[in-house]
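>>> need a structure here:
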Amino acid sequence: MLHRSDEELLAEHLAGKAGAFDVLVGRYVDGLYAFFKRVVANAAAAEDLVQETFLQVHLAAGSFDPARTFRPWLYTVAANKARDYMRARGRRPVQSLDVSWGDADGPTAGAQVEAAGTAGGEQVDGKEQIQEVRAVIAQMPEHLRLILVLGYYQRLPYVEIAEILGIPVGTVKSRLHSAVSQFAQMWLARTKNATPE
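Numbering: from 1, shown residues only. Next up is the predicted model:
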């Protein structure tokens, strides 16, 4: 069962095969949790949203179009859950100190964002910088935050991001560029306003 495709597992789940849905959950639970932590910046909410996403996938499995690929469909459900959560709490999420972004190093905005998801930094104050990166991303508008997380952290291809968000591939590219530019501007403003110790 572990070697079945996602789509085969979903079909087996619909046919009543025990364990098929558990294998699907096992494949995606960590990635979804990381996605939600980065988007909503709240670990407890991320756990709830993962459960809500899998519940909705379970309930809507019969409506899945077998001509589609499972992963974009799953992330479409997840992105909608994230949007609903953010809209219910306003534009800026509650900041949680237990959200792990990874180290952020590199001179460019793209490198800064990309490096924020990697482990093992070279900077002495890496944890403080992680919190700064997290705070900047949490202040970004919802549509830019979502595309930044899907593109840089989840590393989904443009075509899948387009399907998830229901926008053309060209719009994905331009929004991702805008997200990186806005991150760079916000990061520079934040670091200029920081007072040296």
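>>> Could I get the full set of strands for the chain?
Counting by DSSP state E, the chain forms no strands at all.
>>> low pLDDT regions in it?
Low-confidence segments of the chain, defined by pLDDT under 70: 1-2, 91-125, 194-197.
>>> which residues of it fall in helices?
6-14, 20-40, 43-60, 70-88, 109-115, 126-138, 142-148, 158-165, 169-193 (DSSP state H).
>>> Outline the domain layout of the chain.
Dividing the chain into domains by automatic domain parsing, as the record does, gives the ranges 1-99, 100-197.
>>> Just give the nearest non-adjacent residue to residue 70, would you?
Nearest non-adjacent residue to residue 70, counting by C-beta to C-beta, 6 or more residues apart in numbering: residue 6, 3.6 Å away. Glycine gets a C-beta too; all of them are placed from N, C-alpha and C.
>>> re earlier: mean neighbour count added to the helices of the chain, as CSV?
Output for the helices of the chain, formatted as CSV (neighbours: other C-beta atoms under 10 Å):
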stretch, mean neighbour count
helix 6-14, 18
helix 20-40, 19
helix 43-60, 17
helix 70-88, 19
helix 109-115, 19
helix 126-138, 19
helix 142-148, 21
helix 158-165, 19
helix 169-193, 15
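>>> sorry, back to before: so who does the residue nearest to residue 70 touch?
Each residue near residue 6 by C-beta atoms under 8 Å, 6 or more residues apart in numbering is listed here: 24, 27, 69, 70, 71.
>>> Does the fourth one touch residue 64 like I think?
Just to be clear, that refers to residue 70. Yes. Residue 70 is within contact range of residue 64, at 7.5 Å (criterion: C-beta atoms under 8 Å).
>>> joint contacts of those two?
Here residue 70 and residue 64 have residue 10 as joint contacts, going by C-beta under 8 Å, 6+ apart.
>>> how close does residue 128 get to residue 135?
11 Å (C-beta to C-beta, to the nearest Å).
>>> Same check on residue 170?
Taking C-beta to C-beta as the measure, residue 170 falls 30 Å from residue 135.
>>> what residue is smack in the middle of the chain?
In the chain, the C-alpha nearest the mean C-alpha coordinate belongs to residue 35, at 2.8 Å (C-alpha atoms, centre = their mean).
>>> how about it, what does it touch?
Applying C-beta under 8 Å, 6+ apart to residue 35 gives the contacts 75, 78, 82, 149, 150, 153, 154.
>>> With residue 40 instead?
Applying C-beta under 8 Å, 6+ apart to residue 40 gives the contacts 46, 49, 82, 85, 86, 93.
>>> Report the separation between the fourth one and residue 66.
Same thing as residue 85. In terms of C-beta to C-beta, residue 85 sits 29 Å off from residue 66.
>>> What is the neighbour count of residue 157?
13 (other C-beta atoms under 10 Å).
>>> ditto for the one 10 residues further on
Residues lying near residue 167 (other C-beta under 10 Å) number 15.
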